[in-house]
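[1] Attaching a predicted model along with its sequence, questions to come.
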Protein chains: 8
Amino acid sequence: LRTGIPEVIYGEAKSAEQIVTIARAMLDKKGPLLVTRVDSHKAMLIVEQLPQLTYHHQARLLTGPRTASGPPDVRGTILVICAGTSDIAIAEEARLTAEHLGNPVQAIYDAGVAGLHRLLAHQEKLRDASAIIVVAGMEGALPSVVGGLVSCPVIGVPTSVGYGTGAGGFAALLGMLNSCAPGLAVVNIDNGFGAGCLAAAINRNR
Amino acid sequence: LRTGIPEVIYGEAKSAEQIVTIARAMLDKKGPLLVTRVDSHKAMLIVEQLPQLTYHHQARLLTGPRTASGPPDVRGTILVICAGTSDIAIAEEARLTAEHLGNPVQAIYDAGVAGLHRLLAHQEKLRDASAIIVVAGMEGALPSVVGGLVSCPVIGVPTSVGYGTGAGGFAALLGMLNSCAPGLAVVNIDNGFGAGCLAAAINRNR
Amino acid sequence: LRTGIPEVIYGEAKSAEQIVTIARAMLDKKGPLLVTRVDSHKAMLIVEQLPQLTYHHQARLLTGPRTASGPPDVRGTILVICAGTSDIAIAEEARLTAEHLGNPVQAIYDAGVAGLHRLLAHQEKLRDASAIIVVAGMEGALPSVVGGLVSCPVIGVPTSVGYGTGAGGFAALLGMLNSCAPGLAVVNIDNGFGAGCLAAAINRNR
Amino acid sequence: LRTGIPEVIYGEAKSAEQIVTIARAMLDKKGPLLVTRVDSHKAMLIVEQLPQLTYHHQARLLTGPRTASGPPDVRGTILVICAGTSDIAIAEEARLTAEHLGNPVQAIYDAGVAGLHRLLAHQEKLRDASAIIVVAGMEGALPSVVGGLVSCPVIGVPTSVGYGTGAGGFAALLGMLNSCAPGLAVVNIDNGFGAGCLAAAINRNR
Amino acid sequence: LRTGIPEVIYGEAKSAEQIVTIARAMLDKKGPLLVTRVDSHKAMLIVEQLPQLTYHHQARLLTGPRTASGPPDVRGTILVICAGTSDIAIAEEARLTAEHLGNPVQAIYDAGVAGLHRLLAHQEKLRDASAIIVVAGMEGALPSVVGGLVSCPVIGVPTSVGYGTGAGGFAALLGMLNSCAPGLAVVNIDNGFGAGCLAAAINRNR
Amino acid sequence: LRTGIPEVIYGEAKSAEQIVTIARAMLDKKGPLLVTRVDSHKAMLIVEQLPQLTYHHQARLLTGPRTASGPPDVRGTILVICAGTSDIAIAEEARLTAEHLGNPVQAIYDAGVAGLHRLLAHQEKLRDASAIIVVAGMEGALPSVVGGLVSCPVIGVPTSVGYGTGAGGFAALLGMLNSCAPGLAVVNIDNGFGAGCLAAAINRNR
Amino acid sequence: LRTGIPEVIYGEAKSAEQIVTIARAMLDKKGPLLVTRVDSHKAMLIVEQLPQLTYHHQARLLTGPRTASGPPDVRGTILVICAGTSDIAIAEEARLTAEHLGNPVQAIYDAGVAGLHRLLAHQEKLRDASAIIVVAGMEGALPSVVGGLVSCPVIGVPTSVGYGTGAGGFAALLGMLNSCAPGLAVVNIDNGFGAGCLAAAINRNR
Amino acid sequence: LRTGIPEVIYGEAKSAEQIVTIARAMLDKKGPLLVTRVDSHKAMLIVEQLPQLTYHHQARLLTGPRTASGPPDVRGTILVICAGTSDIAIAEEARLTAEHLGNPVQAIYDAGVAGLHRLLAHQEKLRDASAIIVVAGMEGALPSVVGGLVSCPVIGVPTSVGYGTGAGGFAALLGMLNSCAPGLAVVNIDNGFGAGCLAAAINRNR
Ligand SMILES: Nc1ncnc2c1ncn2[C@@H]1O[C@H](COP(=O)(O)O)[C@@H](O)[C@H]1O
Ligand SMILES: Nc1ncnc2c1ncn2[C@@H]1O[C@H](COP(=O)(O)O)[C@@H](O)[C@H]1O
Ligand SMILES: Nc1ncnc2c1ncn2[C@@H]1O[C@H](COP(=O)(O)O)[C@@H](O)[C@H]1O
Ligand SMILES: Nc1ncnc2c1ncn2[C@@H]1O[C@H](COP(=O)(O)O)[C@@H](O)[C@H]1O
Ligand SMILES: [Mg+2]
Ligand SMILES: [Mg+2]
Ligand SMILES: [Mg+2]
Ligand SMILES: [Mg+2]
Ligand SMILES: [Mg+2]
Ligand SMILES: [Mg+2]
Ligand SMILES: [Mg+2]
Ligand SMILES: [Mg+2]
C-alpha cells in the first residue's frame, strides 16, 4: 500500500460477475475494498453474492468492511462543498472515498440555493479544514470563490451537469483551469473519486 | 439610421487607403463615423489624410467629429467594468463606442487587483447604471458576480487574455454562456464594439 | 429580490421529491415560483402533490400562482420570434419566463415556413417591441435579419435543432456571436429561460 | 485534360525555384498554367525568370498565357459576389480561376456596405447567372440570402476573416453547411480556387 | 417557386400531428410535397390520415402525389454513387429528392465491396451524367476518386457512418473539404436532401 | 494575506510602465512581490527603474526582496521534476514560486534523457517530499509514473511543448486528467506559477 | 487476395439480412470470412441461417470456417496486451482477427490490476513477440511503457473506455500519437480489427 | 540499445548550446547521434562547434558519424512515398531516420503531380518493399490508395500542409485513422522521425 490508495475497482465497464470475482480475491487478502461507478441494478446482483459489501446509492459506490488496520495518522478534517442538488452524486463519491481512506469528512451541500452568504455562515468549517473539495457544474465558479476565502488547498471537481455549451462539463473544467484563484487543484470531470484520493493524500501525516 | 447604429467600418482587414476612401464618403454625407480595430501605424496614415478624425490608442478606434444631431434620448448612464489591466483595451473599445452613440458612460477599471470589496466600494455606480458592460478574460467569472449584485441588464465580453486552455478566450466565453446569473447577455470574444452597441440599444429611450 | 429575478429551480437533474421539497419551502415564503426543464412524467408527480402549480408542456416549465406584489413597472411589450416549428419549445420557455416576471409578451411563431416577407407582415409588432427574443436553430441567421430591421435590443437564442455539423446548436451559436448585426445579445444554446430573464431586465423601468 | 481542370500548382509551401521548374515544364508542353497562393515577393522572383506569367496581386495568383485551344462551350455567365472589402482577395481568386478556365465572369463586390437592397439593385445579373459564387466571412449568411433569391446553383466560400469565435472561418463554414437555403454547395475556407473550378464545371456545356 | 425548390418539411423535430397539419395545407394548394427525416412510426401515423402520401423507408422520406406541372427542362441524368451498404439510406434520400424535383436519376450502390475496378465497370454512366452525387462515410475518399475520373460537377455527401474519430462524420466532411480533386461541392453531414436539391439546380436547363 | 498567496502581477499583457507602477505600490506597502510571464526585454526596462527586483531568465519571473516576516511554518520539502530540457522553463517558474512563498524546494531536471531508472536513482528525494510537482509535455505520462511511486500529493503541469496533435499542450493535459494514478492534481497548461502556489498550500503547517 | 487481407464485412450499420446475403456470396466463393461489430441479437439471427459461422461474444465478431489454404508463412508470434477488464472486448477483436489471418497469437490481459511488475513477469513473451498490440483506454500510457521495453513494432489501440474528458477515447488517442516511445503505430479508437490486420502484415514472411 | 532506437535529441525547444552539450556527451560515448527539428540557423551554430555532424537542410536533421557497429540484419528495403513537393521535408525526415538506423531506403517523391498512374509505374518498388511510409497532407488519401495496392505494412504520416479546415493536419490525420484500407499504421502529424523508427522496427530481422 505504498501509495496510500487501496486497490480500487472501476465498475462502469465491468459485468457484475467480473466485479464479484475481483472483489472476492481482494476480500480474501483482507484488503480494503472500493468499487466505483456501479449502477443500482449491478450493485444488487453483487451484494446478493457478497453481502459484506455496502452500496451507496447516490455515490454509486460499493465499499467493503472497514479493515482492522486502525485509523491513519491524519492532519485534520476534509470539507466537501457542492453548489446544486444536481452535483450531490459526485460530491458523495468524493466524501465516501475520503472517508473510506480513513479521513474525518464534513459536507456543505446547501450552498447553491442561497449563494455566498450561505457559504459564509460556515466560516468555521472553512477555516478548520485541512483540504476542501468543491464540486460544481455549469460555469464552475464556486471553487474560485472558495479559494479566495481560505488558505488550505482547494480541489475543484467539474461536473457534467449543464446543457448547450455546458453539456459534458467542459465549461466547468475550463473555468477551473483558468481560475484567478492561484493554485486551484483540478481533477477530471465527474471524478469525485480522484478528488477524494487527492484530499486524503494532502491530509495524510507523514 | 433605422437601427440606431451609424455605419461602422471594420478596419482590421482593410488597407489605410481603403479606409480613407470609405470614410471620406461617409464624412461627405455628414454621417457619424467609427472605424474599429485600427492599429497605430494604419491610424497614423489615415489621420494624415483625414485630420478631422481622432485616434484612440488603447481602443484601436478612429472616431469622426461629433455630428450636429444633438444628444439622443437616453435612459441613464452605462457602466463599463473590467478586471485586469490586460482587459482595458477591450473595455475602452466598448466605452468609446457607447459614448460615440451618444450615451453618458462611466468606467471602473481597478476592480481586478483587489477583488470584490473594491467593486463593492462602487455600490452607487452599480445601482445607478441602466446597463453594465463587464469585460473579463481567464475564467470570465466577473460578469456573473456583477449580475448577482444588480437588477439592470449585464453584458459580458469575454477577452482573449489568457494562456493554455484559456488562450483565445474560449474558457471565458463558455463561463459567461453557462453563468448561474440568469439573463447575462454575451457577445463575441474581444467584441467591445458589439457590447457598446448593445448597451446603447438598451439605454435608448423610445 | 434585489436582482429582479425570483428564485428559480433548475429541474433537469433533480428528482420529483427534491423539487417538491424545495418548491414547498418557496411557496411557504409566498415567493414567486418557476421550475425549468421538467419532463411531463416528473411534472405529473409534482403537480399531484402541489396542485397549485401549473405545468406548461411545450416549455417544460412549472409555474406557481401569481403573487400579490402587483405588476412591475415595465417599458413596453416583449416580442418572441421563432423560425421553425421545431424551435417552439424553447421560444415558449422564453415567453412564459418573461410573462412570469410580469411582462406583456407577444409571439410570432410562423416566421419560418414563409420566410422574410411573412416577418415583414408583422412590421408594427417589430416596431413597438421594447426587446425582441429570436429563437433559431441550424445556421441561426434569423436574429441577424431581425437586428437589421429594428432599433430595440435583440436577443438571439441558438437551439440544438439540426444534424451533422449543426447537431448540438454550435453552428447557430457561432452564427449569432459573429453576426454582422452589431450588438446582438447571445445566450447559451436552448436557454429560453435566460433570454426571458434578460428581456425582462431590459424591459424593467427603474 | 479529361476532368476539365488544367494542372494547377499549389504555391504556398513551395520555393520560387520549385515553382519555376514545374511551371517551365508545363509551359513547354503548351498547357494552360495556374499557380495559386503565391505571395508578392515569391511572385517577383518567378516572373523575373518566366516573364510570360502574369501576377494578380489581390488574388495571389500567377497565370500563364492564354492557350490556343479556343473558348470552351459554356452555358452562360458566372457571377461572383462578396460582402466586405476584406473578402475581395478570395473573391478575386475565384473570379480569375473561372475566367482562366474560359468562362465569362461578372462580379459584385460592393454588396457589403449597404446590405440587401444594394444586392437587389443587381436583379438582372442575379437572374442571368448560370452559377453564383458567394464569398463571406464572419457568420457567413450571405450565400443563404442569395440562395433564397435565385434558382441557379449557389456556391458558398467561407473566409477566415473574423476574430474571437469567428477567427479561422469556422463560424462561416458551419453557417453555410447548415444553411436553410436547400442545396448550397460549400467549399473549404478561403478556397476561392475550388469555387472557381466548381462554377466552371457547372457552366460547361457537354 | 422562384428558387426551383418546392416547400419541404423538415420532419425530425415535428410531431405527426404537426406534419399532417402543414402537409394538408400544402396539398390543398396543389403544391408538390416532400417531408424529410420521418421515422417509420411517425410515417405510419401520418399516412393513416393522408393516404395520398408515399413513405420511402430507407430514405425516411414522405412524398406527395406527382403534380401536373409536367417534367422540367433538364440537361441530363443525375448519378448517385455510394460506397457501403451503410450509406444507402442517405444515398436514397438524395436520389428520391432529385427524382421528386423532376430529374432522371441513376444509382450505383455496389461500388463499396469491390472497390475501384467495380466503379470503372460503370464508365458509361460516369461519362454521361450531368452531375454526380457521391455519398461516403469513414475517411470520405470516394468523391475525390470520382472527381478524378469525370468532368461534370461532383457533390460529396459525408455520412455519420463510422466509429472512434470517424463517429459523427467529421473525418469524412474534412476529407471532402480538403480533397485534392479541385472543385468538389460539399454539403452537410448526412444531408442527402441538400445534395439532391443541388444536383437538381445544376441539371436544370434555363 | 488570508489566502497565503501574496499579490502577484500577471505580466504578459502589461507594459513595462504598468508593471512598474503596480510593483512600486506593492513595494511601498512592504509586501512580497512576484511578477509572472515577463520577457527579458520588458524585464530589463523594469529592473532599470526598480533595481531591487531580480529577474529569473528561464522562469520569466521578477521577484522582490525577501520580506522580513520570517520563514513560514512548513511541513517539509517540495520536489520539482521535469522530463525534457524543453520543460525546464515551466519547472523553474514552479520552483521559484514555491521558494518565494517560503518553501524549501529540490529539483530533478535530468529525468527525461535516461528515463525511469534515472528517476529511481532519486528514491530518497521522492520519499522525503511533502509534495511533488511534475512538469511534462507531449503525452504527459510522467506524473502518472511518479504518482505510482509515492504517497504524497502529486501535481501535474502539462506544457505546450510538442507538435502536431501535441501542439498547445492538450494531449498532455488530457493525459493527466485521465491518469490511472488516482488523485493526481492538475493545473492549466504551462501554469508553473499555479503549481508552485498549490504545492505551497499543501506544504503549509496550520 | 493481393493485399493479404480477406474481404471483411463491417457489420455495425447493416441488418442481419444484408449480412447474410453478403456472407453467403463469400462462402460460395470459398473465401475466408470475417464480420466485425455484430451485436449478439443480430449474430443469433445470422447464425440461425448460416450455422457454419462462429460468433465470438466479447469480440463481437463472426468468423467463417477455416479455409483449406494452409497456414501462411509467418515470422513469429503476435502478442496482445490490455490493461483493464474493460478493454478486453477490443483486445479480443484484435486477437481473433490476427488469428483468423493465420497467425499464432498470445495474450496478456491481467496487466491492468497489478501494474508494471505483472507485465515484467512476462519478459519472455515480450522478448519473443514479432509484433505487440497494446490496447488501452483512459490516458493510454501502456503502449509507451511497452515500447520502452521491446525492440519489435508496437501497435497502440486507444479505447473509448473512460469518462469526462476521457469519454470517447480522445485522451488515449492523443496520448499514443504523442508518445515519447519513438515509432509507436497508432490505429483508430476501438479499432481492434485494424490492429490485428497491421500485426498480421508485419508478421508475414515475404 | 535494447529498443533498437539510438538516443535522439528533440531539437525544437532547445538552444544551440544545450544541443551541443548533450550531443558532445553522446559522441564521447561513441553512440550514434540524431538531432531532430533543428532550423538552419541553430544548425550552423552547432556544426561550427561539432564539425563531425552533418546537417540535412530539408529534413531539419543533424546526424552524427556512422558508428562502427556494422549494418543491422534487415529484411529488405523501406520505401518512402510523398504526394506533393510540400510534403518532401517530412518525407526526408523519415527517409534519413530510417537510413540512419541502418536500413536501405528508396523514395518516390514525384507521385503527386501526375497521380495514380505515375505511382503504378513504380510497381516493382511497391512490390519489393518490406514497409512503405506514405507522407500526405490535405485530405490524406494517398496511404489508403497505397494500402490497397500492397501487402506489406503501410505507415501513414499526415502533414500540416493545408489551409482552412486542413490547416494543422487534422483532416489528413482523421482521413488516415478512418481509412478503409485495413491495418494502416498512423503516427503524429509531421512525425517523419517516428515513421522512420517504426519502419526500421518492422524491417529488423530478429
Ligand atoms: N470590431 C467589430 N466587430 C464586429 N463587427 C464590426 C466591428 N467593426 C465594424 N463591424 C461591423 O462590420 C460591418 C462593416 O464591415 P465593412 O463593410 O467590412 O467595414 C458593419 O456591420 C459594422 O457594424
Ligand atoms: N433534411 C433536411 N436537411 C436540411 N434542410 C431541410 C431538410 N428538410 C427540410 N429542410 C429545409 O428546412 C426548411 C423547412 O423547415 P421547417 O419549416 O421546420 O419544416 C426548408 O427550408 C427546407 O428546405
Ligand atoms: N502566470 C500566471 N498564471 C495564472 N494566474 C496568474 C499568473 N500570474 C499572476 N496570476 C494571477 O493573476 C492575478 C493578477 O492579475 P493582474 O491584476 O492582471 O496582474 C492574480 O490573481 C494572480 O494570482
Ligand atoms: N521529432 C521528434 N518527434 C517525436 N519524438 C522525438 C523527436 N525527436 C526526438 N524525439 C524523442 O524525444 C526524446 C528526446 O527528447 P529530449 O530529451 O527532449 O531531447 C527521445 O525519446 C526521442 O526519441
Ligand atoms: Mg486560497
Ligand atoms: Mg442581476
Ligand atoms: Mg438593430
Ligand atoms: Mg436558390
Ligand atoms: Mg473532375
Ligand atoms: Mg501516489
Ligand atoms: Mg521499443
Ligand atoms: Mg495493403
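    Thanks, I have it. Ligands and ions are numbered 1, 2, ... in the order given.
[2] List the residues that contact residue A:171.
    Residue A:171 makes contact with A:138-140, A:162, A:165, B:174-175, B:177-178 under the criterion C-beta atoms under 8 Å, 6 or more residues apart in numbering or on different chains. C-beta coordinates here come from the backbone N, C-alpha and C atoms, glycine included.
[3] Sticking with it, tell me its helix or strand.
    helix A:170-177 (DSSP states H and E).
[4] On the C-terminal side of that helix, identify the next helix or strand.
    Downstream of helix A:170-177 (by DSSP H and E), the next one is strand A:185-186.
[5] So that next one, near ligand 5 or not?
    No: using C-beta under 5 Å from the ion, strand A:185-186 never reaches ligand 5; the gap is at least 11.1 Å.
[6] Quickly check: that strand near ligand 3 or not.
    No: using C-beta under 6 Å from any ligand atom, strand A:185-186 stays clear of ligand 3, with a minimum separation of 13.0 Å.
[7] count of neighbours near the closest residue to ligand 5 within chain A?
    Nearest residue of chain A to ligand 5 (C-beta to the ion) works out as residue A:147 at 4.2 Å. Counted with other C-beta atoms under 10 Å in any protein chain shown, the neighbours of residue A:147 add up to 27.
[8] For the nearest residue to it once chain neighbours are set aside, give me its contacts.
    Excluding its sequence neighbours, the residue lying closest to residue A:147 (C-beta to C-beta, 6 or more residues apart in numbering or on different chains) is residue A:181, at 3.1 Å. Residue A:181 makes contact with A:143-148, A:154, F:3 under the criterion C-beta under 8 Å, 6+ apart.
[9] Let's see that with 10 Å instead.
    Counting by C-beta atoms under 10 Å, 6 or more residues apart in numbering or on different chains, residue A:181 touches A:141, A:143-150, A:154, A:156, B:139, B:141, F:3, F:5, F:194, F:197.
[10] Which strand or helix spans the closest residue to residue A:192 other than its chain neighbours?
    Distances taken as C-beta to C-beta, 6+ apart place residue A:93 nearest to residue A:192, at 3.1 Å, with adjacent residues excluded. In this assignment (DSSP H and E), residue A:93 forms part of helix A:88-100.
[11] If you count residues, where's the longest strand of chain A?
    Taking DSSP state E as the assignment, the strand of chain A that covers the most residues is strand A:129-136.
[12] Help me see whether it makes contact with chain F, please.
    Yes: using C-beta under 10 Å from any C-beta of the partner chain, strand A:129-136 comes into contact with chain F via A:129-131.
[13] ok, residue A:79 touching residue A:123?
    No: taking contacts as C-beta atoms under 10 Å, residue A:79 lies outside contact range of residue A:123: 11.9 Å.
[14] about what we covered before: switch the residues of strand A:129-136 next to chain F over to TSV; also include neighbour count, distance to ligand 4 and pLDDT.
    Formatted as TSV, those follow (neighbours: other C-beta atoms under 10 Å in any protein chain shown; distance: C-beta to the nearest ligand atom, whole Å; pLDDT from 0 to 100):
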residue	neighbour count	distance to ligand 4	pLDDT
A:129	26	40	97
A:130	21	38	97
A:131	28	34	98
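[15] and which of these is nearest to residue G:39?
    Taking C-beta to C-beta as the measure, residue A:131 is the one of the residues of strand A:129-136 next to chain F closest to residue G:39, at 45.1 Å.
[16] Return the residues in contact with the nearest residue in space to residue A:56 that is not next to it in sequence.
    Distances taken as C-beta to C-beta, 6+ apart place residue A:96 nearest to residue A:56, at 5.6 Å, with adjacent residues excluded. By C-beta under 10 Å, 6+ apart, residue A:96 lies in contact with A:34, A:36, A:54, A:56, A:58-61, A:63, A:80, A:105, A:192-193, A:196.
[17] What parts of chain A come near chain G?
    A:7, A:9-15, A:18-19, A:21-22, A:25-26, A:37, A:157-160, A:168-170, A:173, A:187-191, A:194.
[18] Between all of the contacts of residue A:96, which two are separated the most?
    A:54 and A:80 (19.0 Å).
[19] higher neighbour count, the two?
    Using other C-beta under 10 Å, the more surrounded residue of residue A:54 and residue A:80 is residue A:80, with 31 against 13.
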